[in-house]
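A.B. asks: Turn this into a model:
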Amino acid sequence: MKSRGDIFDFTLGRRHAPTRDPVAAVEEAAQILCVQLRPEHLPADASAEISAFIDDFFGAINESVPLGVLQNDGHSPDVDWGVWICAVRESVGEVFSAYQAFVAGQGEKLPPAVALGFARIAAQFVRWELVDRHVPDPDVWALLGQLFVDSADADSVQASADDGGVVREYLRALAYQSAALDQLQQVGAVGVCRLVDLVLPFLSVRRGDAHGALYVVNPPTSPTPVRLSRSFAAPGWYFHPAGAAEFLAELHGQLIRGVLPPVLAGHDPRLLRDAALHLRRHWSARPPVRRFKRHLVDGQLLVVRGYVNVKGLFEARGEVANRAWLITDLSRGGVGALIYKEETQPVPEAGELLAFRPKDGVSWHLGVVRRVRFAKGDAEVGIETLSVRPELVRVDDGRVPVELFFCDPLQRGEAVRVIAPVGVLREGAPLFVNAEGRVSKLKQLEGSMAGQGFELRAYQVL
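C.D. replies: Modelled structure (predicted):
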């Protein structure tokens, strides 16, 4: 295993900016690899060549990552991240299919190098399906599980990245699956996966050891990883990420201080800072869990998307352009909805502000998109309710009056959450509100939440 000093030696891995269209570069690399995998282009023992071909393909993906400073909405000013991510996902899928065809002619017992190549491509298939907010094919998990069983020591009770080969790639895929990528914007998911690759030496799976584990998988009978619950216990291999805690804490501290390790050169520091915090939360001893029980219901949900449109809705107090989604479940904390693939509008990303209400309801609620994933072509969206009685309130911060959303009623001594466009609220500055014939002063409290084009801060009513 690498020593702590080796792991924290960020002196390697410097990348150069791509010089041509990133989408075209990825698609071309995939086409080349698919041709190289044809039997007529391979020698009798092609183990070394296959490994080099796969290295070239993954290298092309890494070199094509859109770089540069991101805009406030989380997108590159030069490249549409969504288009690039979709191109990578589809290209990896094409390579995976080509490798399946290649393996079909290899006989029942795969040579180690061929099996490793299959595992590497399958792990990246899982990665880019998740980044592009899709549910990985269960057949791919079954394949990875079988490769793992065939490669791991039958008597072993623990496996880690130090074992190398197929075991390392299987652990990589499990780490991607456990990273809650559907709760991030796509560009954020790219950053998280980059950090997953860095912390891989600290991760492990242990047979039958559920203490401190987050996911469990039993390749012969249940190959798709399942998140653990307190009431869940089953035979299998348990995923343990706790070993990465110190690394992530130190890296997060460096990024907060503005120190970008050379191994991450070219990546946006803000993106990596948020990625490190995300992994620390979701791989902690107490990861975020659902707080309220869901109830399955059906009906239509009217939705208005984005801060500007939501503000226009409340200013007009009438109907504005909205979409109708299908309600799938309700809880005290939010709503689950389904967007059919026939919907012509782009699917929302995590962090987008919404106003929503049932079609037969009256009051508009405020919420934020927390999770997006595609299944069978349709998009499943998880919405966290921010307020069931939001109000547009005129406030003054000593510079200029502005109308902002209040999620809670004004009550002296109590806290109120305020939603505003990014950059409107001054750090530490009080707000003044004239309500019910008197002026109330609001003192900023610690803690905030950033979304797409808006931020939420808490204040105390003095």
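A.B. asks: Could you use CA atoms for every contact and neighbour count after this?
C.D. replies: OK.
A.B. asks: Residue 246 is in contact with residue 280, correct?
C.D. replies: No: contact criterion CA atoms under 8 Å: residue 280 and residue 246 do not qualify, at 9.5 Å.
A.B. asks: Mind checking which of those two has more residues around it?
C.D. replies: Each of residue 280 and residue 246 has its neighbours counted (other CA atoms under 10 Å); residue 280 has more, 22 against 12.
A.B. asks: per-residue confidence at that one?
C.D. replies: Looking at residue 280, its pLDDT stands at 95.
A.B. asks: Got phi/psi on it?
C.D. replies: Main-chain torsions, residue 280, degrees, to the nearest 10: phi -60, psi -40.
A.B. asks: Would you map out the domains in this structure?
C.D. replies: 4-282, 295-387, 391-461 (automatic domain parsing).
A.B. asks: Nearest approach to residue 289 belongs to which of those?
C.D. replies: The closest of the domains of the chain to residue 289 is domain 4-282. By CA to CA, the value is 9.3 Å.
A.B. asks: Tell me how far that closest one lies from the chain's centre.
C.D. replies: Domain 4-282 has its C-alpha centroid displaced from the chain centroid by 13 Å (CA atoms, centre = their mean, to the nearest Å).
A.B. asks: In the protein, spot the strand with the most residues.
C.D. replies: Counting by DSSP state E, the longest strand found in the chain is strand 438-450.
A.B. asks: Identify each buried residue in that one, please.
C.D. replies: Buried residues in strand 438-450, counting neighbours by 16 or more other CA atoms under 10 Å, are found at 440-444.
A.B. asks: ditto for stretch 118-137
C.D. replies: Judged by neighbour count (16+ other CA under 10 Å), stretch 118-137 contains these buried residues: 118-136.
A.B. asks: worst-scoring helix or strand of this structure, pLDDT-wise?
C.D. replies: helix 4-7 (a mean of 38; mean pLDDT, DSSP states H and E).
A.B. asks: Next SSE downstream of that one?
C.D. replies: helix 22-36 (DSSP states H and E).
A.B. asks: residues of that next one that come out buried?
C.D. replies: Across helix 22-36, burial judged by 16+ other CA under 10 Å covers 22-23, 25-27, 29-30, 33-34, 36.
A.B. asks: Which elements pack onto it?
C.D. replies: helix 47-64, helix 81-104 (3 or more CA pairs under 8 Å, 6 or more residues apart in numbering; DSSP states H and E).
A.B. asks: which residues are contacting it?
C.D. replies: 41-42, 53-54, 56-57, 60-61, 64-66, 83-84, 87-88, 91-92, 94-95, 98-99 (CA atoms under 8 Å, 6 or more residues apart in numbering).
A.B. asks: picking up where we left off before, just curious, which of the buried residues of strand 438-450 is nearest to residue 306?
C.D. replies: residue 444 (24.6 Å).
A.B. asks: coming back round to it: compare the mean pLDDT across the helices and strands packed on helix 22-36 and name the weakest.
C.D. replies: Across these, helix 47-64 gives the lowest mean pLDDT, at a mean of 90.
A.B. asks: mind listing what's buried in that one?
C.D. replies: Residues of helix 47-64 classed as buried by neighbour count (16+ other CA under 10 Å): 47, 50, 53-54, 56-58, 60-61, 63-64.
A.B. asks: Which member of the residues you listed is positioned nearest residue 430?
C.D. replies: Looking at the buried residues of helix 47-64 and their distance to residue 430, the nearest is residue 64, at 45.2 Å (CA to CA).
A.B. asks: measure the residue nearest to that closest one when sequence neighbours are not counted to residue 83 for me?
C.D. replies: Spatial nearest neighbour of residue 64, chain neighbours left out: residue 22 (4.6 Å); criterion: CA to CA, 6 or more residues apart in numbering. Distance from residue 22 to residue 83, counting by CA to CA, to the nearest Å: 10 Å.
A.B. asks: Kindly report the same for residue 223.
C.D. replies: 30 Å.
A.B. asks: Residue 449 too?
C.D. replies: When distance is defined by CA to CA, residue 449 is 27 Å away from residue 83.
A.B. asks: Next: residue 216.
C.D. replies: Distance check for residue 216 against residue 83: by CA to CA, it reads 33 Å.
A.B. asks: out of the two, which sits in the more crowded spot?
C.D. replies: Using other CA under 10 Å as the criterion, residue 216 and residue 83 rank with residue 216 on top: 29 against 13.
A.B. asks: three-state assignment of that one?
C.D. replies: Put simply, residue 216 is strand when judged by DSSP: H, G, I helix; E, B strand; the rest coil.
A.B. asks: pLDDT wise, what is it at?
C.D. replies: For residue 216, the predicted pLDDT is 92.
A.B. asks: Residue 40 now?
C.D. replies: For residue 40, the pLDDT comes out at 78.
A.B. asks: what about the helices in the stretch 151-300 of the chain?
C.D. replies: Per DSSP state H, counting those that start in this stretch, the stretch 151-300 of the chain carries helices over the ranges 165-178, 186-199, 245-256, 269-282.
A.B. asks: Report the mean per-residue pLDDT for the shortest one.
C.D. replies: Which is helix 245-256. Averaged over helix 245-256, pLDDT sits at 94.
A.B. asks: dump the residue contacts of the most centrally placed residue in the chain.
C.D. replies: Residue closest to the average C-alpha location in the chain (CA atoms, centre = their mean): residue 181, at 2.2 Å. Residue 181 sits next to 130-131, 133, 189, 192 when contact means CA under 8 Å, 6+ apart.
A.B. asks: how about 7 Å then?
C.D. replies: 130-131, 189 (CA atoms under 7 Å, 6 or more residues apart in numbering).
A.B. asks: what's the answer for residue 436, then?
C.D. replies: So residue 436 contacts nothing (CA under 7 Å, 6+ apart).
A.B. asks: Look up the pLDDT of it for me, please.
C.D. replies: As predicted, residue 436 sits at a pLDDT of 75.
A.B. asks: any weak-confidence spans in this structure?
C.D. replies: 1-20, 44, 67-79, 230-233, 317-321 (pLDDT under 70).
A.B. asks: Which parts of the stretch 251-400 of the chain are strands?
C.D. replies: Remark: strands assigned in the stretch 251-400 of the chain by DSSP state E, counting those that start in this stretch are 295-305, 323-331, 334-339, 353-358, 365-375, 378-387, 391-396.
A.B. asks: so which of those gets nearest residue 109?
C.D. replies: strand 365-375 (33.3 Å).
A.B. asks: other SSEs contacting the closest one?
C.D. replies: Judged by 3 or more CA pairs under 7 Å, 6 or more residues apart in numbering; DSSP states H and E, the packing partners of strand 365-375 are strand 353-358, strand 378-387.
A.B. asks: and the angle for it with strand 334-339?
C.D. replies: Here strand 365-375 points in a direction 50 degrees away from that of strand 334-339 (axes from the mean of the first three to the mean of the last three CA atoms, to 10 degrees).
A.B. asks: can you list contacts of strand 365-375?
C.D. replies: 133-135, 182-183, 349-357, 379-390.
A.B. asks: Mind jotting down where the strands sit in the stretch 101-250 of the chain?
C.D. replies: Using DSSP E, counting those that start in this stretch, strands in the stretch 101-250 of the chain cover 158-160, 204-207, 215-218, 222-227, 237-240.
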